[in-house]
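Peer 1: could you work out the structure for the sequence below:
(one chain, ligands or ions: 1)
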Amino acid sequence: MATQTALYLQQLRRQRFPPLPSVRDLVKMYQLTAIKQLSQNFLLDQKLTSKIAKAAGNIENCVVVEVGPGPGGITRSILERRPLKVIVIEKDKRFESTLRILQDACPEKLDVFWGDVLSFEMSEIIPQEHASPWEGYLPKVHIIGNLPFNISTPLISRWLSNISDKKNAWAHGRVPLTLTFQKEVAERLTADTSNEQRSRLSIMAQYLTHCEIKFIIKGSSFVPKPDVDVGVVKFIPRKEPLIRQPYKLVEKVVKQTFCMRGKYCCRPVSTLFPNIVRQSFTKMLFDSALVYPNTRPYDLAIEDFQRLCDAYAEIIEAYPEIGKYEYRSVKADTQWENEYAAKFESFQLPENEIPKRASKMKPLNVVSGELALSCEEELKQEALDNEDDIYIR
Ligand SMILES: C[S@@+](CC[C@H](N)C(=O)[O-])C[C@H]1O[C@@H](n2cnc3c(N)ncnc32)[C@H](O)[C@@H]1O
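Peer 2: All right, here's what the predicted structure looks like:
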């Protein structure tokens, strides 16, 4: 093995960059076996690795952060596109030798960091001179990755929250991302209204970024082959988020709205409020937001969520105890009631105090006036049966 490696290095030193060693050879050479817990599905087809690098756009003279380089297939394709620097973050140290070969082939170009990308602070490794003001041009920094399936959803949720707070890599400006996801997750991220894949992820991704599926890769292109196809999604952070409320608040409203997908939205949205005041506060929220309560959650436009979030923010500013409520179980209701119910025992809706969000945008789903009667009826008829019919996507 040692002689084989030496031979490789010798060949590489003689060559000018590119070309780099073939990934298939590298994998064979180090007899890498995929570790399931790390979702290791390698992409060895250079046409596809190049297509992913190309999907990121022009990365010449840019700093590229690659997540989970593994044996270095995509890394190789990124390097071929002449970036200023490639910084990779990998958890599995078994790739040290293969990545070192790439480092030796293109000195000064490739920095390798070992660690868990879920807790990695990228702002510390991206040179400050590559930052660009949020409102200005995109910074010359890109994030690319064939993500491990098992962390792709928590990772994109964390990064969306970082985009909202302009933290982590986004302390450097509107850093775009080109990432792979299971096809179904890619479809959810980019789903428009009325699409059956429209879910919580769609709203969270789309209110903060422009995102689109660039192409689909067949599962059979990966080694070992996963059970699903893969979508390559590109995200460009928006200059202005479409919902101007704190990420945590938006996340809460969106999460509750999608907790019963098949119902009219007034029903899941009502779970933002504790049982004893659920009806009155739901009425207050919909009256204020001017969102049609009999819309299905997946038919709500981002503008509808914007007004629901604004209305919810106003309610919890006026009644902070309501903001402390988290819908989970009967126990959560009892806890909340023990602490705060006394204040709301004889609660009456304040008359004429509800600001109606007569939106300039005039979205389709607006009804003027009161909460539709049918929604009130629905809320009365169907006693909320807690988690039983709840699933979160
Ligand atoms: C789907 S493989 C992709 C490998 C390579 N980029 C390719 O396309 O062939 C995912 C890679 O991410 C690495 N990985 C898994 N979890 C990680 C984590 N939490 N932080 C950093 N890397 C991780 C795995 O070791 C693996 O190399």
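Peer 1: so where is the stretch 101-250 of the chain shaky, pLDDT-wise?
Peer 2: Counting by pLDDT under 70, the stretch 101-250 of the chain shows no low-confidence range.
Peer 1: can you give me the helices in it?
Peer 2: 149-165, 183-190, 200-208, 247-257 (DSSP state H, counting those that start in this stretch).
Peer 1: tabulate those helices (JSON lines), appending mean neighbour count and distance to residue 87.
Peer 2: C-beta coordinates here come from the backbone N, C-alpha and C atoms, glycine included. Output for the helices of the stretch 101-250 of the chain, formatted as JSON lines (neighbours: other CB atoms under 10 Å; distance: least, CB to CB, whole Å):
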{"stretch": "helix 149-165", "mean neighbour count": "19", "distance to residue 87": "16"}
{"stretch": "helix 183-190", "mean neighbour count": "22", "distance to residue 87": "24"}
{"stretch": "helix 200-208", "mean neighbour count": "23", "distance to residue 87": "23"}
{"stretch": "helix 247-257", "mean neighbour count": "21", "distance to residue 87": "26"}
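Peer 1: my read: residue 154 touches residue 119, true?
Peer 2: No - the pair residue 154 / residue 119 is not scored as a contact, 11.0 Å apart, by CB atoms under 8 Å.
Peer 1: hmm, back to that, with distance to the ligand added, can I get the helices of the stretch 101-250 of the chain in TSV?
Peer 2: Putting those into TSV (distance: least, CB to the nearest ligand atom, whole Å) gives the following:
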stretch	distance to the ligand
helix 149-165	5
helix 183-190	14
helix 200-208	19
helix 247-257	22
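Peer 1: out of these, nearest to residue 238?
Peer 2: Smallest distance to residue 238 across the helices of the stretch 101-250 of the chain (CB to CB): 6.1 Å, for helix 200-208.
Peer 1: what lies in contact with that closest one?
Peer 2: By CB atoms under 8 Å, 6 or more residues apart in numbering, the residues outside helix 200-208 that reach it are 153, 156-157, 160, 163-164, 185, 188-192, 195, 211, 235, 237-238, 241-243, 250-251, 254-255, 257-258, 302, 305-306, 392-393.
Peer 1: ok, now stretch 40-57?
Peer 2: So stretch 40-57 is contacted by 22-24, 27, 32, 34, 59, 64, 70-71, 73-74, 76-78, 80-81, 92, 142, 144, 146, 148-149, 176, 178, 180, 214-215, 217, 221-226, 232, 234 (CB under 8 Å, 6+ apart).
Peer 1: select from the residues you listed every entry located in strands.
Peer 2: For the contacts of stretch 40-57, the ones inside strands are 64, 142, 144, 178, 180, 214, 215, 217, 222, 223, 232, 234, with DSSP state E as the criterion.
Peer 1: list the contacts of the residue nearest to residue 136 when sequence neighbours are not counted.
Peer 2: Leaving aside its chain neighbours, residue 136 sits nearest to residue 173 (7.2 Å; criterion: CB to CB, 6 or more residues apart in numbering). Applying CB under 8 Å, 6+ apart to residue 173 gives the contacts 131, 132, 133, 134, 136, 138, 139, 141.
Peer 1: tell me who's in contact with residue 88.
Peer 2: Listed by CB under 8 Å, 6+ apart, the contact set of residue 88 reads 65, 66, 67, 69, 75, 99, 110, 111, 112, 113.
Peer 1: reformat these as CSV; add distance to the ligand and neighbour count.
Peer 2: Converted to CSV, the contacts of residue 88 look like this (distance: CB to the nearest ligand atom, whole Å; neighbours: other CB atoms under 10 Å):
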residue, distance to the ligand, neighbour count
65, 11, 25
66, 7, 25
67, 6, 26
69, 5, 26
75, 7, 28
99, 10, 21
110, 14, 24
111, 15, 14
112, 11, 19
113, 9, 14
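Peer 1: out of the residues you listed, which is nearest to residue 267?
Peer 2: residue 67 (38.6 Å).
Peer 1: phi first, then psi, for that closest one.
Peer 2: Residue 67 has phi and psi values of phi -90, psi 130 when expressed as degrees, to the nearest 10.
Peer 1: touching, it and residue 151? I think so.
Peer 2: No - the pair residue 67 / residue 151 is not scored as a contact, 9.2 Å apart, by CB under 8 Å.
Peer 1: so what sits against both of those two?
Peer 2: Common neighbours of residue 67 and residue 151 (CB under 8 Å, 6+ apart) are residue 117.
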